[in-house]
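A.B. asks: The sequence and its predicted three-dimensional model are supplied below.
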Amino acid sequence: MLRRTKIVATLGPASSDQKVLEQMIKAGVDVVRMNFSHGTAQDHVARAEKVRTAAAACGRVVGILADLQGPKIRVGKFENDKIVLNNGDTFILDAAWTALGNQQRVGLDYKELPNDVSKGSVLMLNDGMLEFDVLEVKGAQIICKVVRGGVLSNNKGINRKGGGLTAPALTDKDKEDIKTAALIKADYLAVSFPRSAADMQLARDLMHAAGGKSLLMAKIERAEAIPVLGEIIDASDAIMVARGDLSVEVGDAAVPGLQKRMIRMARAKNKLVITATQMMESMITNPIPTRAEVSDVANAVLDGTDAVMLSAETAVGDYPIETIQSMARICVKAEKEMDDISADHRLVQAKFTRIDQSIAMSALYVAAHFKVKAIVALTQSGSTALWMSRVNAGVPIFAMTPMEATLSKVTLFSGVYPISFKLTSKDHSQTLRDAEDELVRLGLVADNDAIVMTIGEAVGQAGHTNTMKIVRVGDHRKT
């Protein structure tokens, strides 16, 4: 059974070796995430080349997701690298402090933080492990009471519970990193901490100015993003349910419901969605996942996510290959429990404004009510395959295209599998026959299988899909 749900794996020290990369791809990685919080532009260029070389060695197409760092609001460094704070302690976050931190205070890398908080604000540090109540703001000093103490070490992050920090989504570093993402031809560009559609539009403008064609992904991790979620999704090509910072800002109990809502909204708007953060966290140091992690991954699949993402598990973990294998196994099992395609209301209730979208939905309707082996989309831009992927077809969707950029982009589309296919004829009937023969050659279909094929009469032009054909494989060789 082909796995519908795609796996995104973050690269890092544990996954930089060429042989390890090849093993990861063979284990099931569809897209690699390059975390621009770490490394130089030269590092990213070299790593992208490694990924593409490894993918070619495995006979696979693997997409690249460039993930911008965004405005990281952090404490400075300490004299002894860390301190221990107890409940009830008074501690000062000091934007003017330039020396190393101590038991009483520490500096800040975000100098505007005193302007963003006031008495009564709640600050969460180190991914919510520590909690501070703001007692007073005095100039550059934020005087806090420790509500939940613990270890606070160098450069740990700060969130304000409920949101409200004004740091811009795109820093000067991000703007330079967008140029690097364009240089390496990243398929997706993830924008951290967007608060509005305008943040996403700015990133898109900068990407285009740099000559890049990456699809834009909004990482939903700020409380302010939730009220304008629809607008952000409309301005993006994809979203990431970034459960780490989001959980700190809105509270952990709110995140499961938000996850389901975000996935539902993204799919309804024909946008892609990744579910991320701590999916297989225990496998950083253990060879098998916990039962809770298995359920977490499975539930994301059942919610309809396009992809599930691994972060530290593959970047610095001890078991990157085993983690990918476990995630793939869980996804396949969960997909067997998904609702039948015929129950999807979009196949009977939706109204379409484009011919190519109508053809895509027609192909899905046939797949729901007629036993077919596969859906085949001959596509230039990948749009037809994207629309098909918004509904669980129950059969594989093969996106056949001569466009390298399209091959890489569809690696994130649930249920869609990229196949490089060179056009040799302007005659669409001949092209369909050639595509059918290629699928037979690859062992993906066999004689007498029924398949649904879509194509445009203007062969080789994007946005012109206007034909659907039901084909019995091998019939054209009998005439």
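C.D. replies: Right, received. Where do you want to start?
A.B. asks: mind listing what Gly39 touches?
C.D. replies: Arg47 (CB atoms under 8 Å, 6 or more residues apart in numbering). To be clear about C-beta, it is placed using only N, CA and C from the backbone, and glycine gets the same treatment.
A.B. asks: Just give the number of residues close to Ile143.
C.D. replies: Look at Ile143: counted by other CB atoms under 10 Å, it has 18 neighbours.
A.B. asks: Likewise for Glu49?
C.D. replies: Neighbours around Glu49, by other CB under 10 Å: 11.
A.B. asks: shift numbering so it begins at 516
C.D. replies: OK, 516 is where the count begins now, so the last one is Glu564.
A.B. asks: which residues touch it?
C.D. replies: Taking CB under 8 Å, 6+ apart as the test, Glu564 contacts no residue whatsoever.
A.B. asks: how does this structure divide up, domain by domain?
C.D. replies: Annotated domains of the chain cover 521-585+683-850, 597-675, 856-992 [automatic domain parsing].
A.B. asks: what about stretch 723-741, average pLDDT?
C.D. replies: For stretch 723-741, mean pLDDT rounds to 96.
A.B. asks: Quick one: end-to-end length of it, please.
C.D. replies: End-to-end span of stretch 723-741 (CA to CA, to the nearest Å): 27 Å.
A.B. asks: May I see the buried residues of it?
C.D. replies: Neighbour counts over stretch 723-741 (16 or more other CB atoms under 10 Å) mark 725, 727, 729-741 as buried.
A.B. asks: What is the nearest of those to Pro911?
C.D. replies: Distance to Pro911 across the buried residues of stretch 723-741 (CB to CB) is lowest for Leu730, with 22.0 Å.
A.B. asks: Beta-bridge partners for the closest one, please?
C.D. replies: For Leu730, the beta-bridge partners are Tyr703 (DSSP bridges).
A.B. asks: ok, now which ones touch it?
C.D. replies: When contacts are counted by CB under 8 Å, 6+ apart, Leu730 touches Asp702, Tyr703, Leu704, Asp752, Ala753, Leu787, Lys924.
A.B. asks: same check, this time on Ala570
C.D. replies: Applying CB under 8 Å, 6+ apart, the residues near Ala570 are Ile540, Val576, Val577.
A.B. asks: what kind of secondary structure is the second one in?
C.D. replies: I take that to be Val576. The three-state label given to Val576 by DSSP: H, G, I helix; E, B strand; the rest coil is coil.
A.B. asks: That one contacts Phe928, doesn't it?
C.D. replies: No - if you go by CB atoms under 8 Å, Val576 and Phe928 don't touch, sitting 11.9 Å apart.
A.B. asks: out of these two, which sits in the more crowded spot?
C.D. replies: Neighbours were counted for Val576 and for Phe928 using other CB under 10 Å; Phe928 has more, 26 against 22.
A.B. asks: Tell me the spatial nearest neighbour of the more buried one, not counting adjacent residues.
C.D. replies: Computed as CB to CB, 6 or more residues apart in numbering, the closest residue to Phe928 that is not its neighbour in sequence is Ser904, at 4.2 Å.
A.B. asks: same question, Ala713
C.D. replies: Per CB to CB, 6+ apart, closest to Ala713 is Ala750, 7.9 Å.
A.B. asks: What of Ile754?
C.D. replies: Nearest one to Ile754, counting by CB to CB, 6+ apart, is Ala733 at 4.9 Å.
A.B. asks: Need the three-state assignment for that neighbour.
C.D. replies: strand.
A.B. asks: so who does it touch?
C.D. replies: 705-706, 709, 714-715, 740, 747-748, 750-751, 753-755.
A.B. asks: With Pro802 as the reference, measure out to the residue nearest in space to the middle of the chain.
C.D. replies: By CA atoms, centre = their mean, the chain has its centre lying nearest to Ile789, at 3.9 Å. Remark: distance between Ile789 and Pro802 (CB to CB, to the nearest Å) = 25 Å.
A.B. asks: same check, this time on Val910
C.D. replies: Separation of Val910 from Pro802 (CB to CB): 34 Å.
A.B. asks: higher neighbour count, the two?
C.D. replies: Higher neighbour count among Val910 and Pro802: Val910, with 19 against 11, using other CB under 10 Å.
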